[in-house]
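1. return a 3D structure for these sequence lines:
(3 chains)
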Amino acid sequence: MTTTNISPSKFLAQDNVYLPHIAVIEKIIDETPNIRTFHFNFNDRKLQKEFSFESGQFGEYSVFGIGEAPFCISSSPTRRDHLEFTAQRVGRVTNALHRLGVGAEIGFRGPYGNSFPLDFLQGKNLVFIGGGIGLAPLRSLIWNVIDNRSKYKNIALIYGARTPADLCFKYDLDTWGKNKTVNMVVTVDKGDQNWTGRVGVVPKILEEAAPSAKNAVAIVCGPPIMIRFTFPVLTKLGFAPEQMLTTLEKRMKCGIGKCGRCNIGNIYVCRDGPVFSYAQIKNFVSSEY
Amino acid sequence: MASKKVNKKDVLKLLNQWRQQFAVFVPSRESGVATMARWEGKDTGFLDWYRNTVIPPKANFLPPMEEMFRFQKDKAGYRIELPPSDGGKQLIFGIRPCDARAMKILDMTFEEDYEDPYYLSRRNSAVLVGLGCNNPGDSCFCTSLGISPAESNDVDLMLTDIGDEFLVEPISATGKELIARSSGLKGANKADEARAKEAKETAYNKVTRKIDTNGITDKLLACFDDEKFWEKVAAKCISCGICTLLCPTCYCFDINDELVRQEGTRFRSLDSCAFPVYTKMPMENPRAEKWKRVRNKVCHKYAFYPMNFDVIACTGCGRCIRLCPVNWDITQTLESVPTKTKVGK
Amino acid sequence: MEQRLRNEARALLEQNKVDWIIGFEPGSLKFTTTPLITKDRNDAERLVINPFIANNLANFLIGIKGRVGIVVKGCDSRSIVSLIQDNKVARGDVVILGVSCTGVIDLSKIEKLAGKDRGELNDIIREGDKVIIKVNDQKKVVPANQVLFDHCLACELPTPREYDLLLGEPTPPLANPIAQEKIKELKQMVPEQRWGFWEKELSRCIRCYACRNVCPACFCQRCFVEETEPQWVFPAPRWQDNLIFQIIRNIHVAGRCTDCGECERACPVNIPLRSLTREMYDIVGELFQFKAGMDKDTPPLMTHYEEKEAEDFFR
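-> Predicted coordinates:
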């Protein structure tokens, strides 16, 4: 199985691959105290109409004068009246992003990277496993799948965060929870006085839920430590390495495989990923990840 | 087109002609540091002392710092502008075969998939006039990488020192065209070509530092997880950026913005995988340990780049060995890589 | 002297008195040595002492785990003492193998005098106050003080004061005024000239940070220059930003710099960094009558408060 490789982005500004398009922030949602989702649209109306991307791809977002940072496109290609990305406030660029208000202009380059292999996922049972902000790339795919529901078999989602306040996309969790064709479990590592849901780390909840590996694909996104403990559980449940997908995160700058930063052995996460199967990861030169 | 020759005393006239069309770069020395700098038009004294430059010719195409674009905010919002192009075509006189090969190696990265407009616009309009070495240095090991110190197919013109004259061989179509347009060149005869052949062989044999690159990629991958080996290899490295910043085939770069009130510039600048912060993310750093960074550098050049492009990303120019403050020597490291079958992870 | 060192180093490892030996071994280029950092007693035979032992090995004490037997010259031993003063190294964790130093030869000075590249020289021999350069059958004899490093010429402590073993006879300091020539020239310039001088020099800087990384006094886990929130210095090599980096680094090491000269030696583009560091060193000496690394029991300058401080806002 190979993950889909999209040919290089055709959406170049002034024919220069490093130049961002100007976009405007239309809406800001506070997911958690330090995570925000930004809804944006391009100033260029023609680009807005023609722009396309696949779930799993990312963009390079600029706060002019501060810098550029990569974030996945967290909205789905099936819902195109605007685009979305989600960012946690951790450093220079993200702090600057969080200081922006509705109407502020940002830069966007992309879409870059490969995407979730929809052909491979079609006709299969999908088990989405997410942790914290890791739900952002999954979300693009989940809506994509729900909007093309008949192409896929069972959908299960196991999502967790450290505390209830750290759960992202609560509005989506509400909607998916009410969707009879989606089997969802939301958990937290540590509850609070109002929490009535499951308590336990995601790998543990996954083990208890024990989804069947038959004709199934698991798509895992979350903090590295969660992923490290999730793969063995999936293996125990009978998932072969080709049946486990994830997105890797590495420090990226150019997003197009030139600046050298995001390499794992001879592959570049920005160009050959960020979507990889566990089979591919096991074959990586390095156990760096 | 047959080879020509030019008297060393006439190189001045040749450069003056080329200066009409090109920004001519020649070896220059400031405070004892040799670089390729804009030719003043005065003399060709550099022919007396020139061995190789400290700053490699990649600086002419991937500068230590360059403007990518400027942005400005007014009432209508942000506007992005490309920096004014200097429009000049560069002619680099005296580039060594190792450095010329390095340019070809860099081209592979900057042409692949997305074309890098900044690098390619400079590169595609530039003319490289190569100069074969008479006297390779003691840190040179180009011959181990399939490169000859005195021959090159990676330049437009190739000069060989044959005494009072240089043999001038056209290599590329651009080179042929340049010769056709230039005056002051004489035809070379069989004796000249024989002298050149001898000079090339002599230079080749003067390169005494050698490494065996047979199967080096597989050897490196097999011992990739050998932490003890890499810790020993990395022990004296101080994680500065000298080897990578001055390497003619290293290209890692950083992108940074600068803002002054409502306008600013996005710059690209050279970076180094040797720095601890190179791969640092907010939550983790995959190469926090020095041995991992040293391992990555060696493997990028002798394993990963060959896996992607079929060529070792090193041309044996020897700058890293010569300029390293602790005399860390990549040839010693490569010779010490153990031969083993890969142990499963 | 070399064999005594080798025996001592081997014994230290064999008797488990140290975990590591750090010293010099022959480099991969002529007239070069390179640091030897080893746990293996058999490696002790590789240790050398010669006129080319340039590195300040005290730099490697930061981040190494365990007890270390370390070979140091006078200047380097001061760096160890300075690290002890800063509480970064415990005296009991190091066995100081002191070498009484008569100065390290600067190959670039030799190359200039001989008019040849180091690879073309056959031998360089130090004999007392002379240095003999041999090329084929020809010999050139030059006074040693024309080819030693500037910081060696300015050396105030060639023989380590703090040591566990001393190799070589105690040597008097060279304290040769030639060493201060560059600084004197700079001081005679008017501010605009000096500014122009540093603009020219620092335009060559490639921000390799070798100057910082060879310095034993620079041991911060995270250097100010790598900070992004806030970004104190622009990360790209613009001469103004390069200058700011040098100025701040000098202020940060003031009172702990021992003028070992490594920063200038390490710079691949020959920026005269010592002109900054030595001047800072002299200012510290003048203002506070303090020289770093002279006495391990003296508290470090910048973290210590004396009742009789010079500035009256302290009283």
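2. the residue of the stretch 51-200 of chain C found nearest chain B - nearest residue in space that isn't next to it in sequence?
-> Proximity of the stretch 51-200 of chain C to chain B (Cβ to the nearest Cβ) peaks at residue C:119, 3.6 Å away. Any C-beta I mention is one placed from the backbone N, CA and C, and that applies to glycine too. Excluding the flanking residues, the one nearest residue C:119 by Cβ to Cβ, 6 or more residues apart in numbering or on different chains is residue B:138, at 3.6 Å.
3. assign the one you found to helix, strand or coil.
-> Secondary structure for residue B:138, judged by DSSP: H, G, I helix; E, B strand; the rest coil, is coil.
4. pLDDT score assigned to the residue of the stretch 51-200 of chain C closest to chain B?
-> Here, the pLDDT recorded for residue C:119 equals 88.
5. helix/strand/coil for it?
-> helix.
6. swap in residue A:276?
-> Following three-state DSSP, residue A:276 is assigned to strand.
7. can you report how many residues neighbour it?
-> 23 (other Cβ atoms under 10 Å in any protein chain shown).
8. tell me which residues touch it, please.
-> Residues in contact with residue A:276 (Cβ atoms under 8 Å, 6 or more residues apart in numbering or on different chains) are A:3, A:245, A:246, A:247, A:248.
9. from the residues you listed, which single one is nearest chain C?
-> For the contacts of residue A:276, the closest approach to chain C (Cβ to the nearest Cβ) belongs to residue A:248, at 22.6 Å.
10. my read: the closest one touches residue A:273, true?
-> Yes. Look at residue A:248 against residue A:273 with Cβ atoms under 8 Å: they come within range, at 5.4 Å.
11. out of those two, which sits in the more crowded spot?
-> residue A:273 (24 against 20).
12. that's a strand at residue A:68, yeah?
-> Yes. The assignment for residue A:68 by three-state DSSP puts it in a strand.
13. how close does it sit to residue A:258?
-> Separation of residue A:68 from residue A:258 (Cβ to Cβ, to the nearest Å) stands at 14 Å.
14. does stretch A:212-224 come close to chain B?
-> Yes. Judged by Cβ under 8 Å from any Cβ of the partner chain, stretch A:212-224 comes into contact with chain B through A:223, A:224.
15. close to chain B: what parts of the stretch 1-150 of chain A are there?
-> Residues of the stretch 1-150 of chain A lying near chain B by Cβ under 8 Å from any Cβ: A:8-9, A:13-20, A:22, A:24, A:43, A:62-68, A:90-91, A:105, A:107.
16. and the strands in the stretch 51-200 of chain C, which stretches?
-> For the stretch 51-200 of chain C, applying DSSP state E, counting those that start in this stretch gives strands covering C:68-72, C:94-99, C:123-127, C:130-135, C:138-143, C:165-167.
17. and the second one with strand C:68-72, angle?
-> Computed by axes from the mean of the first three to the mean of the last three Cα atoms, to 10 degrees, the angle separating strand C:94-99 from strand C:68-72 equals 20 degrees.
18. by contact count, what packs against strand C:94-99?
-> helix C:2-14, strand C:68-72, helix C:74-85, strand C:165-167 (3 or more Cβ pairs under 8 Å, 6 or more residues apart in numbering or on different chains; DSSP states H and E).
19. save those as TSV, and put in mean neighbour count, distance to residue A:221 and mean pLDDT too.
-> Compiled in TSV, those are given as follows (neighbours: other Cβ atoms under 10 Å in any protein chain shown; distance: least, Cβ to Cβ, whole Å; pLDDT from 0 to 100):
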stretch	mean neighbour count	distance to residue A:221	mean pLDDT
helix C:2-14	17	50	95
strand C:68-72	26	45	97
helix C:74-85	26	45	96
strand C:165-167	17	59	95
